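*Asks:* pasting the sequence and the predicted model now:
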Amino acid sequence: MPFSPRKVLRALPLLAGLVLTGCAVEGSGPQSQKLAAVKARGQLVCGVDGKLPGFSFVAPDGRYQGFEVDLCRAVAAGVLSDPAKVEFRDLSASERFAAVNSGEVDLLSRSTTMTLSRDAAGGNALSFAPIHFYGGQAVMVNAGSGITSLKQLAGKPICVTTGTTTELNLADRMRELNAAYMPLKFQNDGQTYGAYLQGRCVAVTSDRALLAAKRSSFSDPKAHVLLAGDLSKEPLAMGTVNGDPAWADAVRWIAYALMQAEESGITQANVEAKLAEAQADSNQADLRRFLGVDGQLGQQLGLPADFVVQVIKAVGNYGEIFERNLGVNTRINLERGTNRQWTDGGLIYSPPFR
Amino acid sequence: MAPSVTPWWRNRRLIPWLVQAAVGLLVLVLVAFLLGNLVQNLAAAGLLLTWRWIGNPAGFDIAGSWLPFSADQPYWWALLAGLVNTLRVVVIGLIGASIVGTAVGVASFSGNALLRGLARVYVELIRNIPLLLQLVFWYFVVFLSLPGGAQAIQWPGVVLAQSGLYLGMPELVNGVWQAPIRLSVEFAALLTGLIVYISAFISEVVRGGIASVPKGQWEAARALGFSPLQTLRRVVLPQALPVIVPGLNNQYISLAKSSSLAIACGYADLYSVAETTLNQTGRAVEVMVILLGAYLAMDLVISALMNALNRAVQLRSR
């Protein structure tokens, strides 16, 4: 069903669950109920966008593909030692938090901007994994419209998807400019971009990378330009349910493993060789710990000792995932920019594995 | 005969009362149990109901709000603006659907076979396609395909452009239409969709009501020299109304509830505003309570009005 404006009613199962269950909400115990549940089920349920080229979409062969899909597969590889054991659920922007909090999905990997209120227990009550994409909000207009700045959008209709940070940032920036505008809000991106392409809106706004990704699927991508200048910071991160720190830790360190692997020069192609090298050479302490030859890093997280090896074998390191899905050789054509390793002047930085 | 005392379990006054009390108590205990669970679980999840957020600035804008609204006004005002937008489409929709529905219902009794056939096709086509699809059709296929600017469709006093419907004396100023009354294209699409959809059901209610009037009444009126229109107005409809009104009640409530599909065509109704509010504040349960309460209240008011109307038409027919 492509259009379902009543999707927010999916929050109702959460309400019903809270009304009907006598026991506490899943994942609030001292042990990680979620990690145990995922292992027992033998499958990870991952909430994704599903319609966003480069990030998560269904490829012509029917398989899910994209940056955020690979992150889901990485977590499945780390926890279950099999990247194929993932069930993907397409979520709209407005139903995603209810889906995590009600336990419908174990993991949210859906271009979700990390903010205070989404993290806080009194807000959307998510627990965020490390930021895997540093982006900013941009505005896309028709190349022939002559619009070059936000100010020129005063009084004009702007299409935006509801339930996003984008919606608020747009309101804030227009208030700063003291410019009235007309937000046309839709529940899913299909409708938002549909109305924009039909000419109902002069502009459409979202994360710069997401706009570029969407534009690549337009029939004439060159007819649309992104205005210079970001409206906001949009750091994207995976999310898990609040109150299950052990599960959040497992997801967090699998994400860090991707970043650390790139820094350590471990790739999908050479991970087996690196493992053999580590096993043969007892002086390579860092590498031995990272790949689970020595120490108990995996065990401390409740994961297999070789979880890093499994993850890298499945999806490659952070840089490989980026280049494969979003990089300059793809349709999306994104530079690494701020998403380079910290050793190259970027912001991607993993704490030590020890 | 010795006076026998009836044992209490055979007391015809006491037993029904006891059963009522027992059922009432059971319901109370169940409700208390469910509410207790809700509060306990919300507390465990750190989500106790609070209403303080409702006074915070909303921080988002509402396009086409009838109430004056800007982003620095509080959430409750935003929700009220959404409710007013919903009421606007519901009230105009009820009137429009009643007129179209009655016309189509009456047309299905026409002596003209073409008119009769068209009325049947209209009803069968419209009521068998989901409303959501129809709204998407009206918005994306019909209204957004309208030409804009000087190419807009112009009738005396009315202009229909991609940006909206302009009534009064529309003027083209710098390529933008200006008029005293401007309906956004989102509003127009939603209103059209609701009127077309609900009128198909209303026409069936009207048709059933008219069919319930004995054929002899038509013939008697004709024998007395009434014209077909007079027959309908003076003889048939007054007798059909007691049958029609209860059925209309259902359709009116259905229209009010269906208006929550507005977000499919970008119209900022109560549901759309509530959804934005929910995502900004994370207060899912509170926002749901407000939404459920608002739609319930609106439908109860419609029901009460229709019941009053029902009593009026029932009395008059006796």
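*Replies:* Sure, I can see it.
*Asks:* just checking, B:Val104 touches B:Ser203?
*Replies:* Yes: using Cβ atoms under 8 Å, B:Val104 is in contact with B:Ser203, at 3.7 Å. (Glycine included, C-beta is placed from N, CA and C.)
*Asks:* of these two, who's got more company?
*Replies:* More crowded of B:Val104 and B:Ser203, by other Cβ atoms under 10 Å in any protein chain shown: B:Ser203, with 27 against 23.
*Asks:* need the pLDDT of that one.
*Replies:* As predicted, B:Ser203 sits at a pLDDT of 96.
*Asks:* tell me which element the closest residue to A:Cys201 other than its chain neighbours is part of?
*Replies:* Leaving out its chain neighbours, the residue that sits closest to A:Cys201 by Cβ to Cβ, 6 or more residues apart in numbering or on different chains is A:Cys159, at 3.7 Å. Secondary structure assignment for A:Cys159, by DSSP states H and E: strand A:157-161.
*Asks:* now do B:Gly117
*Replies:* helix B:113-127.
*Asks:* so for that helix, what gets flagged as buried?
*Replies:* B:119, B:122-123, B:126 (16 or more other Cβ atoms under 10 Å in any protein chain shown).
*Asks:* look up how far A:Gly135 lies from the residue nearest to A:Cys201.
*Replies:* 19 Å (Cβ to Cβ, to the nearest Å).
*Asks:* likewise for B:Arg88?
*Replies:* 38 Å.
*Asks:* who's more crowded, those two?
*Replies:* Between B:Arg88 and A:Gly135, counting by other Cβ under 10 Å, A:Gly135 is the more crowded of the two (25 against 18).
*Asks:* residues in contact with that one?
*Replies:* Residues near A:Gly135 by Cβ atoms under 8 Å, 6 or more residues apart in numbering or on different chains: A:207-210, A:234-236.
*Asks:* what about the residues you listed, which are in helices?
*Replies:* If you go by DSSP state H, the contacts of A:Gly135 have A:208-210 in helices.
*Asks:* got the buried residues for the helix or strand encompassing B:Ala304?
*Replies:* Per DSSP H and E: B:Ala304 is located in helix B:284-317. If you call a residue buried by 16+ other Cβ under 10 Å, then helix B:284-317 has these buried ones: B:284-288, B:290-291, B:294-295, B:298-299, B:302-303, B:306, B:310, B:313.
*Asks:* all strands for chain A, in order.
*Replies:* Listed in chain order, the strands of chain A (DSSP state E) span residues A:44-48, A:51-52, A:56-58, A:64-65, A:86-90, A:107-108, A:126-142, A:157-161, A:182-186, A:203-207, A:224-226, A:233-241.
*Asks:* how about chain B?
*Replies:* Under DSSP E, chain B gives strands at B:153-155, B:158-161, B:164-167, B:171-173, B:176-178, B:181-184.
*Asks:* can you pull the residues of the stretch 101-250 of chain A lying near chain B?
*Replies:* A:101, A:117-118, A:121-125, A:157, A:159, A:162-164, A:167-168, A:171-172, A:174-175, A:181-187, A:191, A:194-195, A:198-200, A:242-243 (Cβ under 8 Å from any Cβ of the partner chain).
*Asks:* any weak-confidence spans in the chain?
*Replies:* If you meant another chain, say so; for now it's chain A. Applying pLDDT under 70 to chain A flags the ranges A:1-31.
*Asks:* not quite, go with chain B.
*Replies:* Across chain B, the ranges flagged by pLDDT under 70 are B:1-3, B:45-47, B:315-318.
*Asks:* which residues in it form helices?
*Replies:* According to DSSP H, the helices that chain B contains are B:14-44, B:75-107, B:113-127, B:131-136, B:185-211, B:215-223, B:228-230, B:237-258, B:270-281, B:284-317.
*Asks:* the domain parsing of chain A - what is it?
*Replies:* A:5-134+A:235-344, A:135-234 (automatic domain parsing).
*Asks:* who touches the most centrally placed residue in chain B in this structure?
*Replies:* What sits nearest the mean C-alpha location of chain B, by Cα atoms, centre = their mean, is B:Ala256, with 1.8 Å. B:Ala256 makes contact with B:90, B:295, B:298-299, B:302, according to Cβ under 8 Å, 6+ apart.
*Asks:* do that again at 10 Å, thanks
*Replies:* B:86-87, B:89-91, B:93-94, B:194, B:198, B:295, B:298-299, B:301-303 (Cβ atoms under 10 Å, 6 or more residues apart in numbering or on different chains).
*Asks:* distance of the residue lying closest to B:Asn279 once chain neighbours are set aside from A:Glu320?
*Replies:* Sequence neighbours aside, A:Gly163 is the residue nearest to B:Asn279 in space, at 4.0 Å (criterion: Cβ to Cβ, 6+ apart). As judged by Cβ to Cβ, A:Gly163 and A:Glu320 stand 32 Å apart.
*Asks:* ok, now B:Ala264?
*Replies:* For B:Ala264, the distance to A:Glu320 - Cβ to Cβ - is 40 Å.
*Asks:* more neighbours, these two?
*Replies:* For B:Ala264 versus A:Glu320, neighbours defined as other Cβ under 10 Å are more numerous around B:Ala264 (29 against 19).
*Asks:* I figured that one hits A:Ala195, correct?
*Replies:* No: between B:Ala264 and A:Ala195 no contact is recorded; they are 11.0 Å apart, counting by Cβ atoms under 10 Å.
*Asks:* between the two, which contacts overlap?
*Replies:* In contact with both B:Ala264 and A:Ala195: A:186, B:139-140, B:186, using Cβ under 10 Å, 6+ apart.
*Asks:* give me the number of residues near the residue nearest to A:Arg215 when sequence neighbours are not counted?
*Replies:* Leaving out its chain neighbours, the residue that sits closest to A:Arg215 by Cβ to Cβ, 6+ apart is A:Pro221, at 4.9 Å. A:Pro221 has 12 neighbours, counted by other Cβ under 10 Å.
*Asks:* could you do B:Val29 as well?
*Replies:* Neighbours around B:Val29, by other Cβ under 10 Å: 10.
*Asks:* show the contacting residues for it.
*Replies:* B:Val29 neighbours (Cβ under 10 Å, 6+ apart): none.
*Asks:* which other helices and strands does the helix holding B:Ala304 contact?
*Replies:* helix A:11-20, helix A:96-101, helix B:75-107, helix B:237-258, helix B:270-281 (3 or more Cβ pairs under 10 Å, 6 or more residues apart in numbering or on different chains; DSSP states H and E).
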